[in-house]
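K.L.:
Fold the following, please.
(one chain, ligands or ions: 1)
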Amino acid sequence: RDEQLRQTSKMEALGRLAGGIAHDFNNLLTVIYTSAEQLKFTGGESPAVDLILSASERAAGLTRQLLTFSRQQVMSLRTLDLGEVLRNSAGLLKRVLGEDIDVKLSIAPDLRPFEADPNQMDQVILNLAVNARDAMPDGGMLTLEAANADLDEGYALTHPGTRPGPYVTLAVSDNGVGMDKETQARAFEPFFTTKGLGKGTGLGLATVFGIIQQSRGYVFLYSEPGKGTTFKILLPGVPPGESGALAEPPAPDPDEP
Ligand code: ADP
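P.N.:
So this is what the prediction gives:
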């Protein structure tokens, strides 16, 4: 049972669907918006016209988000150090999380490098942090832990779909409201949200999933209602000095007959 694969093709299909809808919708919104604007400037000024303008502006924002999500973004792979990625995002995290949430970084020494798009990694961290903030309305603690991990066959038994090998891991934990079983099962689904109309888009975790998938990694979710949530991300390590390992097969050994 290849859960990861099933989830990926479902995500791709939904992404295409969303992209198509967003595109058509955007054209209609442009018609609504420009017509209302015309009305306003030809003397039809009224609160109703302003409402149409502001509502279609908000709708345009949403469709923009949908388009970004559905577009297969071009990755620009870099060899990255997870410790550096985390330290660089600490400032942004503090701003996003506000005064009432403490941020704790725990970075193991000698982390192996990994390959990903730095902007996409920032996006992953930001999306997880925003969710953590929403899960801790009365404050709390967000912990980001980076470490090396060597996956073996045993791990693959408990985490189907994972391949053994050297990885670098990022665990993002909050002590917020947590998720019940049903929410956990659907959390990565595009458009699944419990945050209510106009608040959540349900695209945050789907985006995280897509980015980690593109980087050949895995993401797991552990949560307990009332206790908190941990997202565990595993990214394949790149042996030092061997960048580009994901993009190309190893060069043939000239000494080999
Ligand atoms: P959105 O944040 O727009 O709702 P996401 O895809 O980011 O979309 O999250 C989907 C749902 O997963 C959320 O609505 C929430 O119910 C749940 N969720 C995500 N992260 C957390 C978290 N850290 N703690 C509790 N629930 C979470």
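
K.L.:
where does this protein have low pLDDT?
P.N.:
1-5, 8, 71-74, 197-198, 240-257 (pLDDT under 70).

K.L.:
Looking at it, which residue is nearest the ligand?
P.N.:
Per Cβ to the nearest ligand atom, residue 204 is where the chain lies closest to the ligand, at 2.4 Å. To be clear about C-beta, it is placed using only N, CA and C from the backbone, and glycine gets the same treatment.

K.L.:
how deep is that residue tucked in, by neighbour count?
P.N.:
23 (other Cβ atoms under 10 Å).

K.L.:
wouldn't it be in contact with residue 129 here?
P.N.:
No: here residue 204 lies out of contact with residue 129, judged by Cβ atoms under 8 Å, at a distance of 10.0 Å.

K.L.:
Show me which residues of stretch 119-126 are buried.
P.N.:
Across stretch 119-126, burial judged by 16 or more other Cβ atoms under 10 Å covers 120, 121, 123, 124, 125, 126.

K.L.:
which is the next helix or strand following the lengthiest helix in the chain?
P.N.:
Assignment by DSSP state H gives helix 3-41 as the longest helix of the chain. Downstream of helix 3-41, the next assigned helix or strand under DSSP states H and E is helix 47-70.

K.L.:
Does anything pack onto the helix or strand that that next one is followed by? Which helices or strands?
P.N.:
Remark: after helix 47-70, the chain's next helix or strand is strand 78-80, criterion DSSP H and E. Judged by 3 or more Cβ pairs under 8 Å, 6 or more residues apart in numbering; DSSP states H and E, strand 78-80 is in contact with strand 114-116, helix 118-135.

K.L.:
Tell me which other helices or strands the longest one touches.
P.N.:
If contacts are counted by 3+ Cβ pairs under 8 Å, 6+ apart, helix 118-135 sits against strand 78-80, helix 82-97, strand 140-151, strand 165-174, helix 204-214, strand 228-236.

K.L.:
centre of the chain versus that helix, how much separation?
P.N.:
Centroid separation between helix 118-135 and its chain, computed with Cα atoms, centre = their mean, to the nearest Å, is 6 Å.

K.L.:
Briefly note if it comes near the ligand.
P.N.:
Yes: using Cβ under 6 Å from any ligand atom, helix 118-135 reaches the ligand at 127, 131, 132, 135.

K.L.:
Please look at residue 118 and residue 81 and confirm they touch.
P.N.:
No: look at residue 118 against residue 81 with Cβ under 8 Å: they stay out of range, at 10.6 Å.

K.L.:
re earlier: let's have the helices and strands packed on strand 78-80 in CSV, adding distance to residue 188.
P.N.:
CSV is the format used below for the helices and strands packed on strand 78-80 (distance: least, Cβ to Cβ, whole Å):
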stretch, distance to residue 188
strand 114-116, 18
helix 118-135, 11
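
K.L.:
can you tell which of those is closest to residue 36?
P.N.:
Closest approach to residue 36 among the helices and strands packed on strand 78-80 is made by helix 118-135 (31.5 Å; Cβ to Cβ).

K.L.:
what angle separates the closest one from helix 47-70?
P.N.:
For helix 118-135 against helix 47-70, the angle by axes from the mean of the first three to the mean of the last three Cα atoms, to 10 degrees is 120 degrees.
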